[in-house]
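Student: Everything below, folded, please.
(one chain, ligands or ions: 2)
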Amino acid sequence: MKIRSVQIYVIQIPLKTPFITHLDTVRERQGIIVEVTDADGNKGYGEGVAFSSPWYTEETVETCLHMLSDFLIPLLQKQTIKQPEEVSHLFQSIRRNHMAKAALETALWDLYAKQQSKPLAKILGGTREKVASGVVVAADSVTRALKDIEKYLEDGYQRVKVKINPHQDYSFLSEIRRYYPNLPIMADANSAYSLKDLDRLKALDELNLLMIEQPLAYDDIVEHAILQKELKTPICLDESIVTFADARKAIELGSCKIINIKVGRVGGLYEAKRIHDYCYDRGIEVWCGGMIEFGISRAHNIALASLPGFTIPGDISASNRFWEEDIIFPEVGVENGFIHVPGEPGIGFKINEKRLQEKLQAKRSFVF
Ligand SMILES: O=C(O)CCC(=O)C1=CC=C[C@@H](O)[C@@H]1C(=O)O
Ligand SMILES: [Mg+2]
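Tutor: Ligands and ions are numbered 1, 2, ... in the order given. Now for the predicted structure:
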């Protein structure tokens, strides 16, 4: 692919409103933008979605910078690659660090699609012209949650996901259900429960939720299988699925009925597509998760969610869900509950240089 240079930009932008979970509250989002340039001057973009601290996975912005600078970019410098599919294999000699890998791997997919003058969605095998959009309500009071939901439904979102934990579950969700008897609602627990909470979780069955996301430990698949047998509500796994092999084992064990695919969590688009393809062949539904991301990662998610197995609206919301101004141009917008899949080459969005420069904290350059 004749790579000439890689640039890394570290940016930080405040969220419009805090994103509250039982694990952490995100007020400011730090992120990494990777730009790869080829010999003809084509540029591909990727985004590192690790948070500043390791509350969601073990990676952080700092660990990603270290992995990119000291291992992943040097590996790419040594090896010529023809296709982005080869990148995951190249990175296999380095254990885990999936978000760091995905930041670079996704930039190479964008570059490759631009070299081929094709939309990334088409390169990946996407079949949709628009993807269904859902939104996450991360509030710590039912009053706030109801206010947010009212606004999001006006904005056209097709379903909402709410954060739950043992202090905010049945009564919280049933109040929302009372106001919105037919709204597709899913609940994300981010591992707030154990099997001791079986009765609490069973009580949620009557609320007609689309799914419960990651109720048990972040590294478990065995106990989720026990739980799924007891629950009518489908379990969706997020944190537990970090590789293709995890997805295969979870499906074989019956640990979940649905998988949330996050490109960063699984190490890039190649692995994300493999998981999609495996689930699609077996009739297991998938949807695309979010990471409170900027526009570059959002754009990759739109391309991925255009694949036929993404049958449930993703956590792919508009740029203005989190940001006063995004770092891409045009911004991502939701129309009648859908996001248009761009038809331009690559991710189909341009960098908003002014915004990037305004929010830049650090920059690193690697010339090949
Ligand atoms: O990006 C979005 O729209 C929502 C992101 C989101 O819900 C999450 C991002 C990161 C960690 C979690 O709290 C949560 C999730 O687990 O899916
Ligand atoms: Mg989740």
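Student: and Asp197, what does it touch?
Tutor: 166, 215 (CB atoms under 8 Å, 6 or more residues apart in numbering). No exception for glycine: its C-beta is placed from N, CA and C like everyone else's.
Student: Over to it. Which of the three states is it?
Tutor: helix (DSSP: H, G, I helix; E, B strand; the rest coil).
Student: same check, this time on Ser240
Tutor: Classified using three-state DSSP, Ser240 is coil.
Student: Up against ligand 1, what does this structure have?
Tutor: 21, 56, 136, 188, 190, 238, 289-293, 315, 317 (CB under 6 Å from any ligand atom).
Student: Tabulate those (CSV), appending neighbour count, secondary structure and pLDDT.
Tutor: Compiled in CSV, these are given as follows (neighbours: other CB atoms under 10 Å; DSSP: H, G, I helix; E, B strand; the rest coil; pLDDT from 0 to 100):
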residue, neighbour count, secondary structure, pLDDT
Thr21, 19, coil, 88
Tyr56, 24, coil, 95
Val136, 23, strand, 96
Asp188, 25, strand, 97
Asn190, 20, coil, 96
Asp238, 23, coil, 98
Gly289, 23, coil, 98
Gly290, 21, coil, 98
Met291, 23, coil, 98
Ile292, 20, coil, 98
Glu293, 25, coil, 98
Asp315, 25, coil, 97
Ser317, 22, coil, 97
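Student: Kindly indicate which of those residues lies nearest ligand 1.
Tutor: Among the residues of the chain next to ligand 1, Gly290 lies closest to ligand 1 (CB to the nearest ligand atom), at 2.4 Å.
Student: Now that closest one: closest residue in space, sequence neighbours ignored.
Tutor: Asp315 (3.3 Å; CB to CB, 6 or more residues apart in numbering).
Student: Pro184 now?
Tutor: Pro184 sits nearest to Arg159 (CB to CB, 6+ apart), 3.7 Å away.
Student: Hmm, that neighbour is touching Ala187, no?
Tutor: No - in this structure Arg159 lies outside contact range of Ala187 using CB atoms under 8 Å: 11.6 Å.
Student: ok, these two, which is more surrounded?
Tutor: Between Arg159 and Ala187, counted using other CB atoms under 10 Å, Ala187 has the larger neighbour count: 27 against 21.
Student: Tell me who's in contact with that one.
Tutor: 161-164, 169, 173, 204, 209, 211-213.
Student: again, 6 Å this time
Tutor: 162, 164, 209, 212 (CB atoms under 6 Å, 6 or more residues apart in numbering).
Student: For it, name its beta-bridge partners.
Tutor: As for beta bridges, Ala187 partners with Val162, Ile212 under DSSP bridges.
Student: what does the stretch 101-250 of the chain have sitting close to ligand 2?
Tutor: 188, 213, 238 (CB under 5 Å from the ion).
Student: pretty sure the first one contacts Lys161?
Tutor: Yes - under the criterion of CB atoms under 6 Å, Asp188 lies in contact with Lys161, with a separation of 5.5 Å.
Student: before we move on, the earlier item: any chance of the contacts of Ala187 in JSON lines, plus pLDDT?
Tutor: Compiled in JSON lines, those are given as follows (pLDDT from 0 to 100):
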{"residue": "Val162", "pLDDT": "96"}
{"residue": "Ile164", "pLDDT": "95"}
{"residue": "Leu209", "pLDDT": "98"}
{"residue": "Ile212", "pLDDT": "98"}
